[in-house]
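Q: Let's see this in three dimensions:
(one chain, ligands or ions: 1)
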Amino acid sequence: MNYETLKSKFEKDGYVVINNFFDENDVEKLKNAGLKLTQNVPNEAKTVFKTSQNNQEISSYFMESCDKIGYFYEKDALDENGDLLVDQSIALNKVGHALHRLEPTFEAYTYNDKVSNICRALGLIRPTVVQSMYIYKNPGIGGEVVAHQDSTFLHTEPDSLVGFWIALDDSTIENGCLWVIPGTHKNDVHQKLVCDPKNKSRNQTIFQGTFPDYEQSAFVPVPVKKSGLVIIHGRIIHKSDHNKSQLSRHAYTFHVYDEASSQYSDKNWLQTKIGFKSLYL
Ligand code: FE2
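A: Alright, predicted model coming up:
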């Protein structure tokens, strides 16, 4: 796909699929790095996520993960004592949100010429990475993600958020691929997650605005083969289902915004202390 086609498709639909974005070797390296993370989960992560824990503690752990490698369990992976109900290797929902700065494999495939070229094609002047996540969506336990816009969680003025979603397994309807409503990026950001102005410690967030009901029949699946990239606009409505299959649906995802043409909101939950770094070095 040439640059012009990519940009016009992205502007029309709000998402673009690029097959074979990375080669098999690269995908293997990313997947191995993701699996290695499952072997290094600190005990603190379990304590925080046992179901009897209060929301305040979960919220603080989440907020602090913006400049760290934070580990987040599937809700059905732990019992009320924080003991594992499934094997550790399939218990995580995701790891985030600073893999692109703190873990060399993820850094190498984020700050990467292929990624920069996509940003150039989209016309971003100074694309800056704000967060990264390894998503596991493991067989049987990988939970659903309800319809949302990514710009709800990371807003800039004007909105310039773009998500990169790299399939590390074949992503199918059965194992919980992305579903989108094409063209919905032309709508506003319906809801914004902001730090609660009443809470001075900034460790609580609230939603402002209302998320409308979208017809489930309007969603189209976006299956993508292992090594494919899905570029998603920050405002496109998307979701993914529970993984009911026997196969994992791992993905590496990160978000960029254009630092040259928009302002990152100081009300966002994610406030970096180490600073954001542009893709164009
Ligand atoms: Fe999303």
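
Q: State which helix of this structure is the longest.
A: helix 24-38 (DSSP state H).

Q: Run through the helices of this protein in chain order.
A: Applying DSSP H to the chain gives helices spanning 3-13, 24-38, 43-49, 55-64, 99-102, 104-110, 113-122.

Q: Please pull out the lowest mean pLDDT helix or strand from the chain.
A: Lowest by mean pLDDT, DSSP states H and E among the helices and strands of the chain is helix 43-49, with a mean of 75.

Q: returning to what we had before: nearest to Arg202, of the helices of the chain?
A: helix 55-64 (7.2 Å; CB to CB). C-betas here are computed from N, CA, C, even on glycine.

Q: where does this structure have low pLDDT?
A: 47-56, 200-201, 281 (pLDDT under 70).

Q: Please identify the nearest residue in space to Cys119, excluding sequence neighbours.
A: Pro127 (4.1 Å; CB to CB, 6 or more residues apart in numbering).

Q: Please name the bridge partners of the one you found.
A: Per DSSP bridges, the residues bridged to Pro127 are Asp258.

Q: Measure how buried it is and give me the count.
A: 23 (other CB atoms under 10 Å).

Q: Same check on Glu24?
A: Glu24 has 10 neighbours, counted by other CB under 10 Å.

Q: contacting residues around it?
A: 226-227 (CB atoms under 8 Å, 6 or more residues apart in numbering).

Q: and with 7 Å instead?
A: Going by CB atoms under 7 Å, 6 or more residues apart in numbering, Glu24 touches Ser227.

Q: how close does it get to Gly228?
A: Using CB to CB, to the nearest Å, Glu24 is found at 12 Å from Gly228.

Q: One more: Pro127?
A: 20 Å.

Q: Likewise for Trp179?
A: 16 Å.

Q: angle of the longest helix of the chain against helix 113-122?
A: 100 degrees (axes from the mean of the first three to the mean of the last three CA atoms, to 10 degrees).

Q: The nearest residue to Val86 once chain neighbours are set aside: neighbour count?
A: Excluding the flanking residues, the one nearest Val86 by CB to CB, 6+ apart is Ala77, at 5.4 Å. With neighbours defined by other CB under 10 Å, the count for Ala77 comes to 22.

Q: residues in contact with Ala77?
A: 84-86, 91, 141.

Q: Can you redo those as JSON lines, where the extra columns are neighbour count and distance to Glu157?
A: Formatted as JSON lines, these follow (neighbours: other CB atoms under 10 Å; distance: CB to CB, whole Å):
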{"residue": "Leu84", "neighbour count": "13", "distance to Glu157": "43"}
{"residue": "Leu85", "neighbour count": "12", "distance to Glu157": "43"}
{"residue": "Val86", "neighbour count": "15", "distance to Glu157": "42"}
{"residue": "Ala91", "neighbour count": "22", "distance to Glu157": "38"}
{"residue": "Ile141", "neighbour count": "21", "distance to Glu157": "38"}
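
Q: and which of those is nearest Asn203?
A: For the contacts of Ala77, the nearest to Asn203 is Ala91 (25.1 Å; CB to CB).

Q: any idea how far that closest one lies from Tyr73?
A: From Ala91 to Tyr73 the distance is 6 Å (CB to CB).

Q: Ranking the helices of the chain by mean neighbour count, which comes first?
A: Mean neighbour count (mean count of other CB atoms under 10 Å) peaks for helix 99-102 among the helices of the chain, with a mean of 21.

Q: Can you show me the CA trace of stretch 271-281 as CSV?
A: Extracted as CSV, the C-alpha positions of stretch 271-281 are listed here (Å, rounded to 0.1, in the frame of the first residue of the first chain):
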residue,chain,number,x,y,z
GLN,A,271,1.2,11.8,33.4
THR,A,272,4.8,10.9,32.7
LYS,A,273,7.7,11.8,34.9
ILE,A,274,10.4,10.4,32.6
GLY,A,275,9.0,12.4,29.6
PHE,A,276,7.5,11.3,26.3
LYS,A,277,9.9,10.6,23.4
SER,A,278,9.2,11.3,19.8
LEU,A,279,9.5,8.6,17.1
TYR,A,280,11.5,10.9,14.9
LEU,A,281,14.9,11.0,16.6
